[in-house]
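Participant: Provided below for reference: sequence and predicted model.
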Amino acid sequence: MPSSPLPVTEAPAETHKVHAALTRSSTSPADLRELEAGLDSLQSDAVRRARIDWTRILLPVAALAVLIVAWQLYVWLGIKRRDLVPGPLDVIGQLGTLGAEGKLQEAVWTSLQRGVTGFLISVVIATPVGLLLAQVAPLRRAFGPLISGLQVLPSVAWVPAAIIWFGLSDATVYFVVLMGAIPSIINGLISGVDQIPPQYRRVGAVLGASRLQLALQIVLPAALPGYLSGLKQGWAFSWRSLMAAEIITVGGSMGFGLGSMLNQGRDLADMTIVLAAILLILAVGILVELLVFAPIEKRLLRRRGLLAGSTR
């Protein structure tokens, strides 16, 4: 008679039950010790990932506190006049005044909206162009030096031309942002593609992938680390380009952004407004890095087993 199939039972969830079941089997003691060490390692890795690394929070806060104290001590020494170098409390008071008037919220929202919109448009344009240049060698040889030259060119150089072409409007700002971000994203993607092992493409070709499938399903995922670096640099360039455009393009249908606040402080010779705008520009850049790019980069590296304590 054919033997009846073995019943399928649900695996116990608790580690001590697994260990007890294995102990009852014919596995050698050395294998059991090795398995137990592996289970303990997995548990410790899970605990480490769940635990908050407070040093990543406390150390930047401590560094910021040291800088603020040094700033206040410099003000107390009276090396410069108070109107030229206001203290931290003066700047905080100015931020409170701007917040009460609604200018602070308007400036942050206007600049952040422009920066994010311009950056997303840059990603949509730069990604297919970067893939095309990375995949087609003649196009890369033809346009590669031009892309690198555009990346080196200061974005503020585009502001006069953009004003002539588009006037004092949001189109001027977006054009400058695009010219600042697109070359960096393209070069980052090309750099990521260059670091892909050639075996990946061969495997895709053997499996019958078309050029489009090869680019989207093999090349782009494998180039993610370099692509992410290009995105981070592209955001930095777009944010800097936006501030330059907002400082220069004043009037017309232009809204009130952080660059406009900085320019207003200069016109009024009010250093509290100038420093408040600088600190807000810096804070937005840091927050975007910490809340958007850092988690994505950490997850990407962990999935590829490039972080300490990662299991994948």
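Facilitator: Received it, and whenever you're ready, just let me know what you need.
Participant: tell me the mean pLDDT for the lengthiest helix in the chain?
Facilitator: For the chain, the helix that runs over the most residues, judged by DSSP state H, is helix 103-135. The average pLDDT within helix 103-135 is 91.
Participant: got it, and stretch 290-310?
Facilitator: On average, stretch 290-310 scores 76.
Participant: just how off-centre is that stretch within its chain?
Facilitator: The chain centre lies 12 Å from the centre of stretch 290-310; the measure is C-alpha atoms, centre = their mean, to the nearest Å.
Participant: stretch 71-82 now?
Facilitator: For stretch 71-82, the distance to the chain centre is 36 Å (C-alpha atoms, centre = their mean).
Participant: buried set for that stretch?
Facilitator: 71, 75 (16 or more other C-beta atoms under 10 Å). C-beta here means a position set from N, CA and C on the backbone, and glycine is covered the same way.
Participant: please apply the same query to stretch 109-118.
Facilitator: 110, 111, 112, 114, 115, 118.
Participant: what of stretch 145-164?
Facilitator: 147, 150, 151, 155, 156, 158, 159, 162, 163.
Participant: let me have those in TSV, extended by distance to residue 72.
Facilitator: TSV is the format used below for the buried residues of stretch 145-164 (distance: C-beta to C-beta, whole Å):
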residue	distance to residue 72
147	46
150	43
151	39
155	34
156	33
158	39
159	36
162	41
163	40
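Participant: closest to residue 248 among the residues you listed?
Facilitator: residue 159 (4.9 Å; C-beta to C-beta).
Participant: for the closest one, which non-adjacent residue is spatially closest?
Facilitator: residue 248 (4.9 Å; C-beta to C-beta, 6 or more residues apart in numbering).
Participant: how far away is the one you found from residue 65?
Facilitator: 35 Å (C-beta to C-beta, to the nearest Å).
Participant: show me where the stretch 151-300 of the chain has its helices.
Facilitator: Under the criterion DSSP state H, counting those that start in this stretch, the stretch 151-300 of the chain contains helices at 159-166, 170-194, 198-206, 211-213, 220-222, 224-248, 258-268, 271-288, 294-303.
Participant: sorry, back to before: between residue 248 and residue 65, point out the one with more neighbours.
Facilitator: Neighbour totals were compared for residue 248 and residue 65, and residue 248 leads with 18 against 10 (other C-beta atoms under 10 Å).
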